[in-house]
Structure formats: structure tokens, C-alpha cells
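Participant: 3D, please:
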Amino acid sequence: MLHLGQKEFDADILHHCRLLSIIRERITRPSTHPHLHFEPYELLWQLNNVTQLVRVQDELYTSEAFIEANSKLQDSPPEPGCNLPRVVLELMFSSDGTQLTSFSTATLWSVYLMIGNESKDWRSKPSYQAFEHVAYLETVSKTSHTIVI
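Facilitator: Numbering: from 1, shown residues only. Purely as a prediction, here's the structure:
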């Protein structure tokens, strides 16, 4: 029988990295910096002079949400005594199961961080290593309660 609602699970130890240290390293790395977009812009396309301009939905930093977040940030009062530029940094998280060995069923879930201010074409290159490991989650045993979201 399925029991809906909140359940408590003992997660033991959460192995993780501090997000701020990963973010700081990513945005100050010389090889990454030229590929980061901190200024939002609209990408428009027009077939010819007669047709109407069409907004291209392409990258996160050209999205309406990014433009609105940047406008709110720029319109807000700055931190007292701080003259540094204020930018929106988009964090993207993903996760997948990883089998730890080829001779057992030991698995865990890796949590990854990507920076949305980088082009998806750049992020998708495996050689670039855009995915940063930020945490490892233990799996819940199959005999435990099912989590319904």
C-alpha cells in the first residue's frame, strides 16, 4: 500500500563541496571567463524587411527571466561601500545515478552544477568539463518508502 505524505529518511553523511568556492573558481578561471555572459540581451530574427521581428529563445542569458532579474538587480540599491559590478549568475543543477562498481549494485547519486551564463554550445563540449561535482547522495534502499513528489 502506498503511503503518501512526508517521510523521514536517515541520509547519514552528505558529501558536498561549498558552492561559493566552486562558483568563485569557475568565474575567475582564465579559460572560462571569455565564455561567460553577464550582460543580458534580446536575440531577434527577421526573415526580411517585411516580416515582423521574432524573439529567438536560445540561451538562458537571453531569456526574459534573466533580463528581468538583471533589471531588478541593477535598479536595487547597491551594498554600502561596494563599487563592484553586480551581475546575475545562473546556476543549473542536475543529477544522475552512478554505479560504483561493475560487480555489485552499489550506487549513489551525483549532483552537478553548471553555470547558465555560459553558452549551451560551450557547456555541452565534454572536453570543457562544464559539470562540477557538488554533492553525492546516498540512494534510498528499494525496501524503504517511496517518495512521491
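
Participant: List the contacts of the residue of the chain positioned farthest from its centre.
Facilitator: Farthest-out residue of the chain from its mean C-alpha position, per CA atoms, centre = their mean: Val50, at 38.9 Å. Listed by CB atoms under 8 Å, 6 or more residues apart in numbering, the contact set of Val50 is empty. Using the backbone N, CA and C atoms, a C-beta is placed for each residue, glycine as well.

Participant: what's the answer for the one 3 residues further on, then?
Facilitator: By CB under 8 Å, 6+ apart, the contact set of Leu53 is 44-46.

Participant: From Glu42, how far out is the residue farthest from the centre of the chain?
Facilitator: Val50 sits 21 Å away from Glu42, going by CB to CB, to the nearest Å.

Participant: Could you tell me the model confidence score at the residue farthest from the centre of the chain?
Facilitator: With respect to pLDDT, Val50 has a value of 79.

Participant: Show the backbone phi and psi for it.
Facilitator: phi -90, psi -40 (degrees, to the nearest 10).

Participant: how close does it sit to Leu44?
Facilitator: Counting by CB to CB, the gap from Val50 to Leu44 is 15 Å.

Participant: mind listing the helices for this protein?
Facilitator: Using DSSP state H, the helices of the chain run over residues 19-28, 64-75, 120-123.

Participant: Could I get the contacting residues of the spatially most central residue of the chain?
Facilitator: With distances taken as CA atoms, centre = their mean, Met92 lies nearest the centre of the chain, 1.0 Å away. Residues in contact with Met92 (CB under 8 Å, 6+ apart) are 60, 113-116.

Participant: Ile115 too?
Facilitator: Taking CB under 8 Å, 6+ apart, one finds 23, 26-27, 32, 36, 89-92, 123, 130 in contact with Ile115.
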